[in-house]
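Enquirer: got a sequence here, can you build the structure:
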Amino acid sequence: CVCVCVFVVPPAIVVLLLLENLIRQRGYNLLGGGRRALCRRKSTTSVFLKQRANLSTTMDEIKEKNNNEQQPANEKTSQSNDEANALEDTAENERSAVLENLPFDNKCLHELPIDSEEKNYTRPVRNSIFSLVKPMPVDNPTLVATSVDCLNLLGISEEVAHSPKFVKYFSGNEAIPGSKTAAHCYCGYQFGSFSGQLGDGAAMYVGEVVNEAGERWELQFKGAGLTPYSRQGDGRKVLRSSIREFLCSEAMHYLGIPTTRAGSVITSDSLVIRDVFYSGNPQQERCTVVSRIAPTFFRFGSFEIARGQDPETGRPGPSEGNFGLIKQLLDFTVENYYPHLWHGGVGESDKTSTKSDSSSNQTPSSNVSVHPQEAQMYKRFYEEVCVRTAHLVAMWQCVGFCHGVLNTDNMSIAGLTIDYGPFGFLDRYDPTFICNRSDHTGRYDYQSQPSICKENLMRLANDLSPLVDEAELDEIRERVFDLEYNREYLTRMRKKLGVCFSDFAHDRKGNLGSVEKKDMLLIRDLFKCMHETGADFTNTFRLLSLVTIGSHDEFYEELKEYLSPIDEMKRAIQPRLPRVTLEQLLENTLYAKSLGVPLAYLEAEKVKHLVYDSVGMLSQEQKDIHDKEKWDAWLTQYRQRLQEDVVREQERRKETGVVEARDHDDDSTTLSLENYQAMRMEMMNSVNPAFILRNFVAQEAIEMAERGDFSGVRSVLERVKNPYTLSKDQTLQKTPAWACKLSVSCSS
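Expert: Just a heads-up that it's a prediction; the model follows:
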């Protein structure tokens, strides 16, 4: 106990305590007087001093012992820290090694012409497919989010994606070993007019990675800085537009729609000036880089670079008349992205002859020799592009997706959704929905997307005409596109409606069968009902699985929550053009065209006037009655169609005795309504999403990110991974009133 006291009690107190203790042991009072007391004090003091010396020695020994005991512990802790640091360094080195050893095989740059000019400045780039460029560094790059599933395609794990080295490489601040950055030269018909050279003004080819499965993936950085194609821009993208592209790329993938992918979003402290709505109110925004991944980013506009001077705009392609360059690009595209079509039996000598020199210094050629079997290969290639494009736009229509800028430079040659700018998903169904605030005439509205895609295929046929007869390509497009669009669209819409047992039928000319025509009318009437009642597109289809045959169900009671109130309807369906102006322009369409107003826009305005006449003057009570009548009428048709589906399947089973594997009722040759309903619900919930990337969802995540909180982006990413699931604690989305004012433009 004494030893403990020495460490916690001041020395003066210790002296007094020891003296008192010793005196009491000898029977003396410390306050007693006299000679004997004094002598005793002297003797006691000597003893105390001796004991104090002994205590000091003991304290030193204890301190030394404690030091000796603590030293190994400190050394052990230090050693453990060193070992942990060494392990972390080793792990970081391993993560860095993954990035530094990505299996790049940059075939595009090895086999296609590269611009010989090495300086990076805005200019026409002639007789070249690529220009070499370098990313521009950003200040303090910060990881916003990663899509691990996407990065896995490159062999990059989640641990690697969250390493400091990943941020440096994928922000463009450091070059990834093996990569070779370049910008692609292409042209485009923008809003129907040929714009001449466009190119990768804000995107950069980084390289092609061949993963362990043998898949080749092109890696791009979007927003990494200036290129020769940046025109008046700065080559940068900002946080809001980058988040939108990142989230929608992945959302479309998980919806099952062909798309380019997005692997990461990295923002920074570097700033640029943006005027979002061209309203004269610019603001500073953070430079942000998105990594994009696809088999290829070649587009329809890639084949427009040899075009001659356009009669309307006066602009030529940068490689005007160089059809040898187009043939070289076309051969490369077919061989690498349509390998099952490559040459189609052309002999080895012919194959060799089509390989072109990758140097951009080759002599431009306007006269190109094409082997007959090559011409056949090109026609089969064009036909497959038509099929892929038709299927793609049919998928868009079935989920209510509107691209917003369907220029030829924004259409993938591989049939992918590409370049996410002012896109939007339908909330309330509106066939004239325009998601792009810059699209003043509604050229790219929702209902026009199939016809625009077909028109762009016509442009592609014209681009290939120096190599193959354009009339033959036109015949292919007219024969294939509408048929394949209808096939994909009706097949998917039947699943969305829960019509389980109908196959697609048509005649030799591609005309729809009688059942198909009837189903198309049912779908048309559904959309008309949705439009006139202000029904939410996505939620209506999701709720249709509640409809049963011949009995009361909960469908309409659930749907009412997702029908627009009358005030919102009036604002939404208000025509832009006054009726008198519309009638005058419809009477003189040539005059309208001279003003830049297309006929399709006038027809859309006409529909708006018709809807407004029938709904716009109603009160809320009148609208409720109107809505119920409309839905009762359509549901009668719908239940009748479902009954026909059941009867047809029951008859088939009786005749054949065959039960399809998709059925729920085991080996029974009968089909009960209960089992049919279970089949419908399972099928419908697998194709009708419960969650889509609505504008307000993306906007909420963007606003959080702009405040420095990236959890919203990551949370939305996790939700879009499972768009068809709806847990018990989740509800269908309902767009808030404030979101109706949201709008995006080409700069968004």
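
Enquirer: could you find the closest non-adjacent residue to the most centrally placed residue in the chain?
Expert: Nearest to the mean C-alpha position of the chain, by Cα atoms, centre = their mean, lies Ser249 at 1.5 Å. Of all residues not flanking Ser249 in the chain, Ala262 sits nearest, at 3.9 Å (Cβ to Cβ, 6 or more residues apart in numbering). Every C-beta, even on glycine, is put in place using the N, C-alpha and C of the backbone.

Enquirer: now do the strands in this protein.
Expert: Assigned by DSSP state E, the strands in the chain fall at 130-132, 142-146, 182-184, 187-190, 193-197, 203-210, 216-222, 237-238, 261-274, 283-294, 401-402, 424-425.

Enquirer: in TSV: those, plus mean neighbour count.
Expert: Formatted as TSV, the strands of the chain follow (neighbours: other Cβ atoms under 10 Å):
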stretch	mean neighbour count
strand 130-132	22
strand 142-146	21
strand 182-184	26
strand 187-190	24
strand 193-197	19
strand 203-210	23
strand 216-222	22
strand 237-238	25
strand 261-274	21
strand 283-294	22
strand 401-402	24
strand 424-425	24
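
Enquirer: for Leu726, which of those is the nearest?
Expert: Across the strands of the chain, Leu726 has its closest neighbour in strand 424-425 (16.9 Å, Cβ to Cβ).

Enquirer: dump the strands of the chain into CSV; add distance to Ser545 and mean pLDDT as well.
Expert: Putting these into CSV (distance: least, Cβ to Cβ, whole Å; pLDDT from 0 to 100) gives the following:
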stretch, distance to Ser545, mean pLDDT
strand 130-132, 49, 98
strand 142-146, 33, 98
strand 182-184, 45, 98
strand 187-190, 41, 98
strand 193-197, 45, 98
strand 203-210, 41, 98
strand 216-222, 37, 98
strand 237-238, 40, 98
strand 261-274, 30, 97
strand 283-294, 34, 97
strand 401-402, 21, 98
strand 424-425, 20, 97
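
Enquirer: Met704: which of those is closest?
Expert: Per Cβ to Cβ, nearest to Met704 of the strands of the chain: strand 142-146, 10.6 Å.

Enquirer: just checking, what packs against that closest one?
Expert: helix 164-170, helix 239-255, strand 261-274, helix 711-720 (3 or more Cβ pairs under 8 Å, 6 or more residues apart in numbering; DSSP states H and E).

Enquirer: any idea how far Glu718 is from the residue lying closest to Ala701 once chain neighbours are set aside?
Expert: What sits nearest to Ala701 in space, not counting adjacent residues and going by Cβ to Cβ, 6+ apart, is Gly712, at 3.8 Å. Gly712 sits 11 Å away from Glu718, going by Cβ to Cβ, to the nearest Å.

Enquirer: counting neighbours around each, name which of these two comes out higher.
Expert: Gly712 (19 against 9; other Cβ atoms under 10 Å).

Enquirer: how about the more buried one, what does it touch?
Expert: Taking Cβ atoms under 8 Å, 6 or more residues apart in numbering as the contact definition, Gly712 lies against Glu700, Ala701, Glu703, Met704, Ala705.

Enquirer: for the chain, which spans come out with low pLDDT?
Expert: Residue ranges of the chain with pLDDT under 70: 1-79, 277-278, 344-365, 658-669, 747-748.

Enquirer: relative to Lys593, how far out is Leu473?
Expert: 27 Å.

Enquirer: tell me which of the two has more neighbours.
Expert: Each of Leu473 and Lys593 has its neighbours counted (other Cβ under 10 Å); Leu473 has more, 24 against 12.

Enquirer: that one contacts Lys379, doesn't it?
Expert: Yes - when contacts are counted by Cβ atoms under 8 Å, Leu473 is listed as touching Lys379 (6.8 Å).

Enquirer: burial count for the residue lying closest to Pro141 once chain neighbours are set aside?
Expert: Spatial nearest neighbour of Pro141, chain neighbours left out: Ser171 (3.6 Å); criterion: Cβ to Cβ, 6+ apart. The tally of other residues near Ser171 (other Cβ under 10 Å) stands at 27.
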